[in-house]
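Got a predicted structure here, sequence first:
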Amino acid sequence: MTSETFQEAHAARQQWLAVLARASLPQLEAGLPSLETLPALTQVRPVEVGMVMLRGRIGGTGNPFNVGEASVVRCAVRLGNGPLGVSYALGRDKRRAELAAVCDALLQDPQHHDALQRELVQPVARELARSRAQTHSDVAQSKVEFFTLVRGEA
């Protein structure tokens, strides 16, 4: 595998992992093939709930500071002798993390990749984009322009 091919595959996996991390449990359950038809599931890293420190910057460019903590759940599974699937997601939903990890493993398998992309990843990505656009539209409607009047000469 050339470095360009590897980078493209890596970027594609980053994109579907981002979608899976944001997918709801009903979306994951609806898009996943029946688990009975899949190879045996091996828990490489059992589903765990932990905490992460959220960092922020004033104006996006200032010095970083700790905003607070958030719950995060992670999981790593292997389907049979196939690829390793991982997931990290905000929240405490263990089942959601496990299904996202199973989806990640299946997406790395050429036999399941195209079907899962078509039936799960692409529809969820479209829904997330639609939701993001609606949020941007709602925020834009409430935008306030501030200006400063200068009194006298400085």
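Happy to help now that I have it. Numbers count the residues shown, from 1 in each chain.

tell me the contacts of Pro33?
Pro33 makes contact with 106, 112, 115-116 under the criterion CB atoms under 8 Å, 6 or more residues apart in numbering. Just so you know, the C-beta spots here come from the backbone N, C-alpha and C atoms, and that holds for glycine as well.

Make sure I have this right: it is in a strand.
No: under DSSP: H, G, I helix; E, B strand; the rest coil, Pro33 falls outside any strand and is assigned coil.

Retrieve the pLDDT associated with it.
The score at Pro33 is 78. That number is its pLDDT.

what comes up buried for stretch 111-130?
For stretch 111-130, the buried set under the neighbour-count rule, 16 or more other CB atoms under 10 Å, comprises 112, 116-117, 120-121, 123-125.

so where do the strands sit in the protein?
41-57, 64-79, 84-90 (DSSP state E).

In a markdown table, list these along with mean neighbour count.
Shown next, in a markdown table, are the strands of the chain (neighbours: other CB atoms under 10 Å):
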| stretch | mean neighbour count |
| --- | --- |
| strand 41-57 | 12 |
| strand 64-79 | 16 |
| strand 84-90 | 19 |
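
Of those, which is nearest Ala11?
strand 84-90 (16.4 Å; CB to CB).

Alpha carbons only: can I get the closest one in CSV?
This file holds the C-alpha atoms of strand 84-90, laid out as CSV (Å, rounded to 0.1, in the frame of the first residue of the first chain):
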residue,chain,number,x,y,z
LEU,A,84,-10.3,-4.4,14.9
GLY,A,85,-13.2,-2.0,15.3
VAL,A,86,-13.0,0.9,17.8
SER,A,87,-15.4,3.6,19.0
TYR,A,88,-15.2,6.7,21.3
ALA,A,89,-18.3,8.8,21.9
LEU,A,90,-19.5,11.4,24.3
